[in-house]
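Visitor: one predicted model, sequence on top.
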Number of protein chains: 2
Amino acid sequence: MTSVTVSVDVRDPTPPYEQIRRQVADRIGTGLLRPGDRLPPVRQLAADLGLATGTVARAYRELERGGWVHSRRGGGTRVATAPPVAASPGAALRDAARAYLERAAMLGADPAEAVEAVRRAALRR
Amino acid sequence: MTSVTVSVDVRDPTPPYEQIRRQVADRIGTGLLRPGDRLPPVRQLAADLGLATGTVARAYRELERGGWVHSRRGGGTRVATAPPVAASPGAALRDAARAYLERAAMLGADPAEAVEAVRRAALRR
DNA sequence: GGGGTTGTATTGATGCATTGACACAATGTG
DNA sequence: CACATTGTGTCAATGCATCAATACAACCCC
């Protein structure tokens, strides 16, 4: 039951509640967490991460405000039925590919070079 | 004189000094900023971003602590002669490709699919 | 050398994030 | 219906980030 797919880096100046918020939103946006999936109780996640329950509660509150999850007293917190972004691994892969191309362009590489770089990196595995 | 390639998002809970630190470190790591290149004076960058000079000074201090830049009173702040990471666009592109593959793997895509996704995304331009 | 530039340090004030403890409300379960 | 679970709210205390203003120190250039 190591479970939680969330971690907090205490050396990162980004507030812990925001680190949690981002990771959960990302996992929903990529479809790794799907509508209806249950998140850990605030107390449990807080204990796992070494945080106060209020901090995790803050993260869940922000996620709810963004439409990512839905919380109910006694009922726990679950991924919303209609998250704010298309949530499928396929769409996420397209997004990642597009972001990578943009990054490559910033580095002065044309699309062909970008593709080639991925091909080469894939071989190195 | 638009100049500075740095921006701060006030809605991001990440402290401004850290946002600046990351962007500058990234530009050095990608070779977009090269050893000896001059960074804006703290006062000017602070004015451009709407921050207090102390906040920018904090960012520069952290960058110096990390070996990214070197500051001298009256002499300004310049990119260090030997930044902590290999600083060339080529190396940065390889890093980006590797990171993209890792992300794709997290999304359940094998390397071949990952390459194909980039190829398709490149066509859409 | 002199004057402007630039990084650095300090101050007090303000707001936010977090902690730890506690209580309460709403839901689920036997 | 009881009881545990779970989210939520409150509280005071603590630390950090930021601001604005000021002063100082080291460097550059004419």
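Guide: Looks like it arrived, so ask away.
Visitor: what's the helix or strand for A:Arg103?
Guide: helix A:89-106 (DSSP states H and E).
Visitor: pLDDT averaged over stretch A:82-93, what's the number?
Guide: For stretch A:82-93, mean pLDDT rounds to 88.
Visitor: how far does it stretch from start to finish?
Guide: Length of stretch A:82-93, first residue to last, CA to CA, to the nearest Å: 20 Å.
Visitor: and that stretch, does that touch chain B?
Guide: Yes. Remark: stretch A:82-93 sits within contact range of chain B at A:Pro89, A:Ala92, A:Leu93, by CB under 8 Å from any CB of the partner chain. Quick note: C-beta positions are derived from backbone N, CA and C, even for glycine.
Visitor: tell me the predicted confidence for A:Ala57.
Guide: Per the predicted model, pLDDT is 98 at A:Ala57.
Visitor: ok, then the element right after the helix or strand it falls within?
Guide: Element membership for A:Ala57, per DSSP H and E: helix A:53-65. Going down the chain from helix A:53-65, the next helix or strand is strand A:69-72, by DSSP H and E.
Visitor: what comes into contact with that next one?
Guide: A:Val24, A:Ile28, A:Leu39, A:Tyr60, A:Arg61, A:Leu63, A:Glu64, A:Thr77, A:Arg78, A:Val79, A:Ala80, A:Thr81 (CB atoms under 8 Å, 6 or more residues apart in numbering or on different chains).
Visitor: what comes up buried for it?
Guide: Using 16 or more other CB atoms under 10 Å in any protein chain shown as the test for burial, strand A:69-72 gives A:Val69, A:His70.
Visitor: could I get the average pLDDT for that strand?
Guide: 98.
Visitor: which residues of chain A lie near DNA strand D?
Guide: With CB under 7 Å from any atom of the strand as the criterion, chain A comes near DNA strand D at residues A:13, A:39, A:41-44, A:53-54, A:57, A:60-61, A:64, A:71-77.
Visitor: which of the residues you listed count as buried?
Guide: For those, buried by 16+ other CB under 10 Å: A:Leu39, A:Val42, A:Ala57, A:Tyr60, A:Arg61, A:Thr77.
Visitor: how's chain A carved up into domains?
Guide: A:16-79, A:89-123 (automatic domain parsing).
Visitor: phi and psi next, for the residue most central in space within chain A.
Guide: The residue lying closest to the centre of chain A (CA atoms, centre = their mean) is A:Asp26, at 2.2 Å. Backbone geometry at A:Asp26, expressed as degrees, to the nearest 10, gives phi -60, psi -40.
Visitor: next one: it relative to B:Leu107, how far apart?
Guide: Using CB to CB, to the nearest Å, we find A:Asp26 at a distance of 11 Å from B:Leu107.
Visitor: before we move on, back to that, as JSON lines, the domains of chain A with distance to B:Ala114 would be great.
Guide: What follows is those, written out as JSON lines (distance: least, CB to CB, whole Å):
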{"stretch": "domain A:16-79", "distance to B:Ala114": "14"}
{"stretch": "domain A:89-123", "distance to B:Ala114": "6"}
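Visitor: and those domains: which comes nearest B:Pro111?
Guide: The minimum distance between B:Pro111 and the domains of chain A falls on domain A:89-123, with 3.6 Å, by CB to CB.
Visitor: quick one: end-to-end length of the closest one, please.
Guide: Span of domain A:89-123 from end to end, CA to CA: 23 Å.
Visitor: same check on stretch A:71-85?
Guide: Start-to-end, stretch A:71-85 (CA to CA) is 19 Å.
Visitor: with stretch A:46-55 instead?
Guide: For stretch A:46-55, the end-to-end distance is 8 Å (CA to CA).
Visitor: and what of stretch A:66-80?
Guide: 10 Å.
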